[in-house]
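> Any chance you can model this:
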Amino acid sequence: MEKREYVYLKRILNISGYVGDHETQRSLTKLSEELKSAQVVDEENLPKDVVRFNSQVTVISDKGWERSFQVVIPVDRDFNQNKISVLTPMGSALMGYSENDTVDWDFPGGKETLKITKVVYEHNYKGIDILL
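Below is the predicted model:
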C-alpha cells in the first residue's frame, strides 16, 4: 500500500466510530485489521496493479456478477459515475489487493469471494495531499 494512502486510511479509521451503519462499521473494522499487516511503500515502488485511490477495478463475484468501478476518497464518491468510496464495504474489501487476487469478504448481503480481474491506475491522485 502506498504510504500517503495508508496514513489517510488510518486517520479515517480513527474517526470511523461515528459511522451509524453496522455493516459498514464491520467492514471498516476488518480493513483496520488488514492494515496492521499491510506492506507500506513509497509510490514509486508500488506495482501498478494494486488497488488504491483512483484505481479502476473490475471484479467477478462467486455469486455470478461482474462489475467495474473506481475506488475513491469519500468526498469523490458518485454512484452514478461508478465511483465508490473506500469507506463502503466493497471499497474497503479491495484496497491493497492486486489484479488476479481473490478476496473473501463479509458484505451486507453475506460472504462473497471476489476475483479482481483488472486494475488500472493511470496517474497520481493528489486529492489526499490536502487532507494529510
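
> Next up, the contacts around the most centrally placed residue in the chain.
In the chain, the C-alpha nearest the mean C-alpha coordinate belongs to Met95, at 3.1 Å (CA atoms, centre = their mean). Applying CB atoms under 8 Å, 6 or more residues apart in numbering to Met95 gives the contacts 1, 9, 31, 51-52, 71, 86. For every residue, glycine as well, the C-beta is placed using N, CA and C.

> In strands only, show me these.
Cross-referencing the contacts of Met95 against strands under DSSP state E gives Val71.

> So which residues of the chain form strands?
56-61, 66-72, 83-85, 102-107, 110-120.

> circling back: in the contacts of Met95, find the pair that's most separated.
Leu31 and Arg52 (13.4 Å; CB to CB).

> who touches the lowest-mean-pLDDT helix or strand in the chain?
Across the helices and strands of the chain, mean confidence by mean pLDDT, DSSP states H and E is lowest for helix 22-35: a mean of 78. Applying CB under 8 Å, 6+ apart, the set of residues contacting helix 22-35 from outside is 1, 6, 9-10, 13, 16-17, 19, 87-89, 92-93, 95-96, 105-108.
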